[in-house]
Each structure stands twice: as structure tokens, then as C-alpha cells.
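*Asks:* just need the structure, nothing else, for what follows:
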Amino acid sequence: MIPILLISRIHKEKNAYLKKISQDNKLIIEIKPEGKEFSIKEVKNIIKETNIFHKEIRVYFLDNFHVSSLEAQNAFLKILEEPPKNTLFILSADNESKLIPTIVSRTKIVFLSAKNQILSDQSLKESFHKLLQDKNYKFLSDKRFAPADKKDVPSILEQAVLFFRDRLNFDKKAPAIIKEVLKSKSLLENNNLNPQLTLDHILIFIRKQYTMS
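*Replies:* Now for the predicted structure:
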């Protein structure tokens, strides 16, 4: 089962999602950190427990997994990539940029808040496809990459993450690009950065990945 990453700061939204999941006769097991954050020891205990086969489907919910050590996140990668049979992992975070990109890339992201929901934008996908082939930096004049409302820039960066997540299986450039996009998005949201310059940086970074030998 593909692990799920819930993006929300609202407990009611997350609880409602879990309630819907439990209606399918799935056993929900909520795991909370013993201290202020999930430790590598706790993650290893979860891995050990989930490797025991169960006939019924078990759902392990790790709320606010962004509050976890880097070591704990790295330890969780392998089991997220190959989860045990009849086991579904659901993580939650208030922002996916607070998790390492390899965690994000191994999950199906579900935005619970309407304001965070990213709708499929075919024209933007086409712009990203053109970007990969553009040798003359014409993409910098693409209107899709120069939104009138600069508040739309984080959504464009989100679309970039989704676009390159779909390429992970065949594009060796994708992991580095996802990492850089998430890093830039986090800086944009937590610092007084210029949105357009941040987006231009990402576009140029992507283009350079495909011109490097």
C-alpha cells in the first residue's frame, strides 16, 4: 500500500480523514513520540512491529512526523519504499518541506485544507516539459512562470515537486531537483524572499541540470 502524507495543521481534518479510513474495517494504530520528537529508536521499533504479518489491514498513523530527527526520517525510508503486506503508513505534517525530500517522494500527498489543495494544471505541466527542452532560456518569459499574484509562486513550486515526483523512476535528475525546490519553498515561506526571484532561481536550476554533462 502506498504510504500517505497528510498536509494539515488542523486536528479535526486529520481525525475526519482517519475516521473515513476506519470505516473500511481497518485497524488504526496511532503512534505518538515518547519525547518532543520521533527518535530513531522509536522508528526502529515501529519497523520491527510492522514486519510481523497480520491478516487484517493495519494503519499506522504518525501524527506531526515533521517533528522527528533526521536520523529517524532516514531510518523510515526503506519501509516506506517497501511497506509490509496489509500495512498502510499515514504520516502527517503541517508542511511537506519540513520533511526530507526522499520521505515526500515515497508518499502520496493529500492536502486536507482547501487552501492548500493543488489542482492539476495541465498548462503548467506543459510549461515544465518545455523547460526541459529549452536551450535558450525562453522559459523565463513564459507567463505561467510569471504570475501576476506572487502569492501563487508556492503553488507553482508545489506543482514542480509533483511534476518531478512523476519522473523519479526514469529521470536521475529528479531527486536533486525535488530537494532544491522543497528547500527554496521552505526559505520562501520562512524568510522575506522575493517570490519571483525564488521561482526564477528554481527554473534556472532545473534547466542547468539538463545542460550539465
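*Asks:* just the residues contacting the lengthiest helix in the chain, thanks.
*Replies:* With secondary structure taken from DSSP state H, the chain has its longest helix at helix 174-190. Outside helix 174-190, the residues that touch it by C-beta atoms under 8 Å, 6 or more residues apart in numbering are 95-98, 101-102, 104-105, 153-154, 157-158, 160-161, 164-165, 167-168, 193, 195, 198, 201-202, 205-206, 209. Where C-beta positions appear, they are placed from N, C-alpha and C, glycine not excepted.
*Asks:* distance from the chain centre to that helix, please.
*Replies:* Chain-centre distance of helix 174-190: 11 Å, with C-alpha atoms, centre = their mean, to the nearest Å.
*Asks:* which positions within that helix qualify as buried?
*Replies:* 174-175, 177-182, 184-185, 188 (16 or more other C-beta atoms under 10 Å).
*Asks:* follow-up on the earlier one: from the contacts of helix 174-190, list just the buried residues.
*Replies:* Applying 16+ other C-beta under 10 Å to the contacts of helix 174-190 flags 95-98, 101-102, 104-105, 153-154, 157-158, 160-161, 164-165, 167, 195, 198, 201-202, 206, 209 as buried.
*Asks:* what residue of this protein is the furthest out?
*Replies:* Asn136 (30.7 Å; C-alpha atoms, centre = their mean).
*Asks:* how near is that residue to Asp24?
*Replies:* 52 Å (C-beta to C-beta, to the nearest Å).
*Asks:* also Glu49?
*Replies:* Counting by C-beta to C-beta, the gap from Glu49 to Asp24 is 21 Å.
*Asks:* those two: which is more packed in?
*Replies:* Glu49 (15 against 8; other C-beta atoms under 10 Å).
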